[in-house]
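*Asks:* quick one, what's the 3D model for this:
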Amino acid sequence: MADEYEKNIPRVRVEIICSQALEEDFSEEFEKNGVAKHYTKVSPVMGAGYSNPHLGDAVWPQLNTMYIIYCTEEDAEKIKQIVVKLRKLFITEGIGCFIGSGTEI
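*Replies:* From the prediction side, this is the model:
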């Protein structure tokens, strides 16, 4: 069986953008489900999506965090379920999740 992190194998790229207030919730869910063991976290992230803007200023003081995860299709499906679960729990928080593909060279 090939090593999951071997170069030149197709992977799924998952990007999650969420309020910094949800970082702990995502971390707990990742650990509980055994996914996202290897990720890049960018914080703070500012932007305006489909919920209130998170710009870190006097008018819109909240900030976001962004996770970039390269994983297997199976793990991407688990991560999607985590996003769905947290969207239901935190209805007023914007949670963006984008899934694509990537191959390490």
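
*Asks:* and residue 41, helix, strand or coil?
*Replies:* Classification of residue 41 using DSSP: H, G, I helix; E, B strand; the rest coil returns strand.

*Asks:* and it, how far is that from residue 13?
*Replies:* As judged by Cβ to Cβ, to the nearest Å, residue 41 and residue 13 stand 15 Å apart. Just so you know, the C-beta spots here come from the backbone N, C-alpha and C atoms, and that holds for glycine as well.

*Asks:* in the longest helix anywhere in the chain, what's buried?
*Replies:* What stands out as the longest helix in the chain, according to DSSP state H, is helix 73-89. Across helix 73-89, burial judged by 16 or more other Cβ atoms under 10 Å covers 75-76, 78-79, 82-83, 86.

*Asks:* same question for stretch 28-37.
*Replies:* Within stretch 28-37, the residues scored as buried using 16+ other Cβ under 10 Å are 29-30, 35-36.

*Asks:* for residue 90, state which of those residues is nearest.
*Replies:* Relative to residue 90, the closest of the buried residues of stretch 28-37 is residue 29; by Cβ to Cβ it sits at 11.9 Å.

*Asks:* just the element for that closest one, please.
*Replies:* Assigned by DSSP states H and E, residue 29 belongs to helix 23-33.

*Asks:* and residue 91, by the same measure?
*Replies:* Going by DSSP H and E, residue 91 is not in any helix or strand.

*Asks:* ok, so what distance separates it from residue 11?
*Replies:* From residue 91 to residue 11 the distance is 31 Å (Cβ to Cβ).

*Asks:* again, but for residue 19
*Replies:* 27 Å.

*Asks:* and the most centrally placed residue in the chain, bridged to which residues?
*Replies:* By Cα atoms, centre = their mean, the chain has its centre lying nearest to residue 16, at 2.6 Å. Using DSSP bridges, the bridge partners assigned to residue 16 are residue 67, residue 97.
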